[in-house]
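Peer 1: What follows is a predicted protein model with its sequence.
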Amino acid sequence: MIIRKTSEQIKQMRRAGSLSAQVLREVGKRCVPGVTTLELDRFAEDFIRRHGGVPTFKGLYDFPATLCTSVNEEVVHGIPSKRRVLREGDVVSIDTGATVGGWAGDNAWTFAVGKVSPEVRRLLQVTERSMWAGIRAARIGSRVGAIGHAVSAVARKGGLGVVREYTGHGVGRSLHEDPAIPNWGTRMSGPRLQEGMVIAIEPMLTLGSPHVIERGDGWTAVTRDGLPAAHFEKTIAVTAAGPVLVSVERDHVRPLEGRDALFDWRAEGASC
């Protein structure tokens, strides 16, 4: 069942989205050679709790951590570990959520660790670009498939694979609500987008084959061919004014125009 939110509820969700965006930015600054993914996770949990939130992921479906930290060929759901040390040239997807006032926030970004190869840099650029294309397609009256169509069109043009095993989703008092938001599809497929829907748009693209397998830990999804993947995600609200960012560091909700002018992620080395 799709649960539409009122404008007041969307404002309340912005508190969770803002905290989720803040911790994502702060963790991104710490994605440097020599740090372990467990250190990042401990920082994130402390940050969320100190700012009045609860880590959304920790304990959800028995997931053991605050962050999903997916390095290189790991696509999503990587479990932080003291044994996983970030190295120069790695990429790491940081997926995090914070719950505030009963509402969930959700977002993700793939960060370069030091200097990466031009091919990997292109992977980050195209995946981010595909996310913004999907967000721009989230208009009242369009269908969910229009989002996936926009994402996959950018991916195909960039020569990247689109992971189909995992999708975006609705967000609300639960982290995962209807509808599923695939990163592929035709413009006329799926439910029609309505005012008040709050959804996470999160393309997962690969340098090679789009096929993934799950590791023995029951969580970590990796590319079957071992090539790197990237994952970008923002939560947005569908409104009469157009798509509105929910997971963003700002004290008010406003319509999105073009890419996210409220951040300069490039300053953090995330993408060009």
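Peer 2: Noted; the coordinates are in hand.
Peer 1: so where is the stretch 51-200 of the chain shaky, pLDDT-wise?
Peer 2: Scanning the stretch 51-200 of the chain for pLDDT under 70 picks out no residues.
Peer 1: So which residues of it form strands?
Peer 2: If you assign secondary structure with DSSP state E, counting those that start in this stretch, the strands in the stretch 51-200 of the chain sit at 54-55, 67-71, 74-76, 91-96, 98-100, 103-104, 107-112, 161-162, 168-170, 177-181, 198-201.
Peer 1: Serialize those to JSON lines and add fields for mean neighbour count and distance to Arg4.
Peer 2: Using the backbone N, CA and C atoms, a C-beta is placed for each residue, glycine as well. Output for those, formatted as JSON lines (neighbours: other C-beta atoms under 10 Å; distance: least, C-beta to C-beta, whole Å):
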{"stretch": "strand 54-55", "mean neighbour count": "20", "distance to Arg4": "24"}
{"stretch": "strand 67-71", "mean neighbour count": "27", "distance to Arg4": "27"}
{"stretch": "strand 74-76", "mean neighbour count": "24", "distance to Arg4": "27"}
{"stretch": "strand 91-96", "mean neighbour count": "27", "distance to Arg4": "25"}
{"stretch": "strand 98-100", "mean neighbour count": "26", "distance to Arg4": "20"}
{"stretch": "strand 103-104", "mean neighbour count": "25", "distance to Arg4": "14"}
{"stretch": "strand 107-112", "mean neighbour count": "26", "distance to Arg4": "21"}
{"stretch": "strand 161-162", "mean neighbour count": "20", "distance to Arg4": "28"}
{"stretch": "strand 168-170", "mean neighbour count": "23", "distance to Arg4": "10"}
{"stretch": "strand 177-181", "mean neighbour count": "19", "distance to Arg4": "10"}
{"stretch": "strand 198-201", "mean neighbour count": "27", "distance to Arg4": "8"}
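Peer 1: can you redo those strands as TSV with distance to Ser142?
Peer 2: Shown next, in TSV, are the strands of the stretch 51-200 of the chain (distance: least, C-beta to C-beta, whole Å):
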stretch	distance to Ser142
strand 54-55	33
strand 67-71	29
strand 74-76	26
strand 91-96	26
strand 98-100	29
strand 103-104	24
strand 107-112	22
strand 161-162	19
strand 168-170	15
strand 177-181	12
strand 198-201	12
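Peer 1: Which of the ones you listed sits closest to Thr235?
Peer 2: strand 198-201 (4.8 Å; C-beta to C-beta).
Peer 1: Show residues contacting that closest one.
Peer 2: By C-beta atoms under 8 Å, 6 or more residues apart in numbering, the residues outside strand 198-201 that reach it are 5, 10, 13, 106-107, 131, 134-135, 138, 147, 151, 168-172, 179, 181, 233-238, 246-247.
Peer 1: For the buried ones among those residues, write the corresponding ChimeraX selection.
Peer 2: Once 16 or more other C-beta atoms under 10 Å is used to decide burial, the buried members of the contacts of strand 198-201 can be selected in ChimeraX as follows:
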select :5,10,13,106,107,131,134,135,138,147,151,168,169,170,171,172,179,181,233,234,235,236,237,238,246,247
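Peer 1: Shouldn't Ile213 be within a helix?
Peer 2: No. Assigned with DSSP: H, G, I helix; E, B strand; the rest coil, Ile213 falls outside any helix and is strand.
Peer 1: from now on call the first residue 369
Peer 2: Got it, the first residue is 369 from now on, which makes the last one we talked about Ile581.
Peer 1: residues in contact with it?
Peer 2: Taking C-beta under 8 Å, 6+ apart, we find Ile581 in contact with Ala589, Val590, Arg592.
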